[in-house]
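Student: Kindly generate the corresponding structure for this input.
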Amino acid sequence: MTTQRPACGWDQAVFRCGRCGAQHTTTTEADYLKAVGAHGDAHAVWDRLNPIERDGITSILRTVLAAPDLAVELLALADRQLAEDSTR
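Tutor: Residues are numbered from 1 along each chain as shown. The predicted model follows:
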């Protein structure tokens, strides 16, 4: 009887933030590094914002992330505005 041995590598890894308690579980090393990097970047941005800016960005993100089509249109609008502004 032959038994199949699983391939060596990642099963899963859990990242727990010591600052805020967030927890992310990933199944690859690349995803783990991406999650840790993104979370660290989020802390860096958050730390630079004052309370009013934090409320504003949170409201905007909740609206935009709930509607991916809106995000695409907002980016397209911003690109058009930048192009128009640069030709003036």
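
Student: Tell me how many other residues crowd Val36.
Tutor: 15 (other C-beta atoms under 10 Å). To be clear about C-beta, it is placed using only N, CA and C from the backbone, and glycine gets the same treatment.

Student: other SSEs contacting the helix or strand that contains it?
Tutor: Under the criterion of DSSP states H and E, Val36 resides in helix 29-48. Applying 3 or more C-beta pairs under 8 Å, 6 or more residues apart in numbering; DSSP states H and E, one finds that helix 29-48 makes contact with strand 13-16, strand 23-26.

Student: Make CSV out of the ones you listed and add mean pLDDT and distance to Ser86.
Tutor: Converted to CSV, the helices and strands packed on helix 29-48 look like this (pLDDT from 0 to 100; distance: least, C-beta to C-beta, whole Å):
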stretch, mean pLDDT, distance to Ser86
strand 13-16, 94, 41
strand 23-26, 95, 39
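
Student: Now do the following helix or strand past the helix holding Val36: everything it contacts.
Tutor: Using DSSP H and E, the next helix or strand after helix 29-48 towards the C-terminus is helix 51-65. Applying C-beta atoms under 8 Å, 6 or more residues apart in numbering, the contact partners of helix 51-65 are Trp46, Leu49, Leu70, Ala71, Leu74.
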